[in-house]
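>>> generate coordinates for the sequence data below:
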Amino acid sequence: MKLYQLHSRQYLPITQKEAWAFLSNPANLKVITPGHMGFHILDGADKDMFPGQIIQYKVSPFPGITTKWVTEITHVKEGEYFVDEQRFGPYALWHHKHFIKPIEGGVEMEDVIDYKLPFGILGQLTHPFLVKKQLKKIFAYREEKLEELFGRMNDSSNELSMKSI
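Residues are numbered from 1 along each chain as shown. Here you go, the predicted model:
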């Protein structure tokens, strides 16, 4: 069983409260997801985030493939972090931790995603040229969109790394 990890840090010139208000609102996922993915919330995003919240989406991770994605918000510490886990969807495992930390002049947003692909060795073979590439594009879009909405911190360099674990 091969596990993968995506680790991202982004720095924005906003307050922790502003970052939390935006990132903890599931409706804003559509704003920071590339349009070609056909992201649409079906159910569960009508309340403030809470542990146990189930959110259902429809998404097209690759052209011609549309799938339902169901996540559960498993942990929430108001203003600081939340965790979403896939209950049904395109991955064999998806565990996504979102952290927001105040720093001088703004916030550091950190994402750690541990994931596993379905289909055994066939899924692993697609990782380097299909899944990894797609996740990098999604996070590059997200970074760009957040900077467009909130600005960019001076003297900060955002980070994105991916590895097998």
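>>> show me where this protein has helices.
Taking DSSP state H as the test, the helices found in the chain are 16-23, 120-126, 132-150.
>>> most tightly packed of those helices?
Most buried of the helices of the chain, by mean neighbour count (mean count of other C-beta atoms under 10 Å): helix 16-23, with a mean of 18. All C-beta atoms are positioned from the backbone trio N, CA, C, and that covers glycine.
>>> buried stuff in the longest strand along the chain?
Taking DSSP state E as the criterion, the chain has its longest strand at strand 65-77. Across strand 65-77, burial judged by 16 or more other C-beta atoms under 10 Å covers 69-74, 76.
>>> show me the contacts for residue 100.
16, 19-20, 23, 79-81, 107-110 (C-beta atoms under 8 Å, 6 or more residues apart in numbering).
>>> repeat that for 6 Å
Applying C-beta atoms under 6 Å, 6 or more residues apart in numbering, we find residue 100 in contact with 16, 19-20, 107, 109.
>>> name the residues linked to it by a beta bridge.
As for beta bridges, residue 100 partners with residue 109 under DSSP bridges.
>>> how close does it sit to residue 9?
Relative to residue 9, residue 100 is positioned 11 Å away (criterion: C-beta to C-beta, to the nearest Å).
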